[in-house]
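K.L.:
Need coordinates for the below:
(chains A, B, C and D)
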There are 2 protein chains.
Amino acid sequence: MQTIEKLLESKDIRVTAMRLLIYKFLAEKEIAVTLSDIENAFEKADRTTLYRTIKTFEEKDIVHQIDDGTGITKYALCENGCNCEIETDLHLHFHCNNCNETICLTDHKIPQIKVPDGFVSENVNLVVKGICDKCSR
Amino acid sequence: MQTIEKLLESKDIRVTAMRLLIYKFLAEKEIAVTLSDIENAFEKADRTTLYRTIKTFEEKDIVHQIDDGTGITKYALCENGCNCEIETDLHLHFHCNNCNETICLTDHKIPQIKVPDGFVSENVNLVVKGICDKCSR
DNA sequence: TAATAAGTGCAATGGAAGTGCATTTGTTAT
DNA sequence: ATAACAAATGCACTTCCATTGCACTTATTA
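P.N.:
Modelled structure (predicted):
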């Protein structure tokens, strides 16, 4: 996967075996994953390494953090051209109360939210909870 | 405060000194509070009691839980007639990145969110982050 | 007033996040 | 090529919040 290496390099991240594996793992997943998920997938690797890898990815805008209300932070790959830090680019997340999975609804942007005078909106976190398409069938 | 007692009884919650105090504490606060906040306010009481009291309040829809992304769950009193469990009644929460306080914007209802076919929306959690009115002055 | 249920307090557990330090691996310059 | 250096990884440990089990106290009801 030459492309992943290029991507990492373009973000000033050194290419290591671990990072390639974790990137691939995230890319295969369509859902947001917890640190434990990654841990289970790579039992040979140390938790700290996985933790720091994810944090590195997060800093470099390769993954974004999701707070779906379960109390456990999840992570998902940013899409091509995803600018997580830009407010207007924020998409919403769907958390299934049945299978407990959280997915990015990338093409569903968050509508403009009005806040009272004096309040300055910098960021919006929107999680819709319910039953996902797999579980509702 | 006869009214608080009536309220608790109407929700099938036994009136105790502790519960009245905690209710009053929450009523005085305009912001959402953490368990630690309550703990600090009632140093004589045990943490467990406070925890279970809040949980009881939550079950009976007297308070609602707020996940503002700080990783610490906060709680706030439901307003009169607030039906937290009803989707259409959901208000949004504002978290100030400066003073770290979270408040309910009760009169700001969450706009209708469209989800893809197959997805069933049951609940929406919306947290706007930024600078609150006190800090922006 | 005895019996019972609910509320409270103490102690302990578990899970996730985060940090310090030693070791290994990779990069760069001589 | 190799020494010097920087980054990455692994291990151990700590902290913080959430949660539970059990004993004890308080309130309710028969």
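K.L.:
Could I get the phi/psi values of residue A:26?
P.N.:
When read as degrees, to the nearest 10, the backbone of residue A:26 gives phi -70, psi -40.
K.L.:
you'd agree it is up against residue A:78?
P.N.:
No. Assessed by Cβ atoms under 8 Å, residue A:26 is found out of contact with residue A:78, at 9.9 Å. Any C-beta I mention is one placed from the backbone N, CA and C, and that applies to glycine too.
K.L.:
Looks to me like residue A:55 is in a helix.
P.N.:
Yes. Residue A:55 forms part of a helix when assessed by DSSP: H, G, I helix; E, B strand; the rest coil.
K.L.:
ok, back up a step: common neighbours of residue A:26 and residue A:78, please.
P.N.:
The contact sets of residue A:26 and residue A:78 overlap at residue A:63 (Cβ atoms under 8 Å, 6 or more residues apart in numbering or on different chains).
K.L.:
Now that we're looking at the residue nearest the centre of chain A, what pLDDT does it have?
P.N.:
Centroid-nearest residue in chain A: residue A:76, 2.1 Å away (criterion: Cα atoms, centre = their mean). With respect to pLDDT, residue A:76 scores 95.
K.L.:
Count the neighbours of the residue lying closest to it once chain neighbours are set aside for me.
P.N.:
Counting by Cβ to Cβ, 6 or more residues apart in numbering or on different chains, residue A:76 lies nearest to residue A:32, which is 4.1 Å off, once chain neighbours are set aside. Per other Cβ atoms under 10 Å in any protein chain shown, the neighbour tally for residue A:32 reads 24.
K.L.:
Residue A:32: what's it in contact with?
P.N.:
A:66, A:68, A:74, A:75, A:76, A:93, A:101, A:102, A:103, A:104.
K.L.:
again with residue A:38
P.N.:
Here residue A:38 is in contact with A:22, A:25, A:50, A:54 (Cβ under 8 Å, 6+ apart).
K.L.:
Repeat the analysis, applying 10 Å as the threshold.
P.N.:
Residues counted as contacts of residue A:38 (Cβ atoms under 10 Å, 6 or more residues apart in numbering or on different chains) are A:21, A:22, A:25, A:26, A:29, A:45, A:47, A:50, A:51, A:53, A:54, A:75.
K.L.:
what separates the fifth one from chain B, distance-wise?
P.N.:
For residue A:29, the distance to chain B (Cβ to the nearest Cβ, to the nearest Å) stands at 18 Å.
K.L.:
Is chain B within reach of the helix or strand containing residue A:58?
P.N.:
Following DSSP states H and E, one finds residue A:58 within helix A:47-59. No. Helix A:47-59 stays clear of chain B (Cβ under 10 Å from any Cβ of the partner chain), getting no nearer than 14.0 Å.
K.L.:
after that helix comes which helix or strand?
P.N.:
strand A:63-66.
K.L.:
Which positions in stretch A:97-117 come out as buried?
P.N.:
By 16 or more other Cβ atoms under 10 Å in any protein chain shown, the buried positions in stretch A:97-117 come out as A:101, A:102, A:103, A:104, A:105, A:108, A:110, A:113, A:115.
K.L.:
ok, these vs residue B:60, which is closest?
P.N.:
Set against residue B:60, the nearest of the buried residues of stretch A:97-117 by Cβ to Cβ is residue A:102 (28.3 Å).
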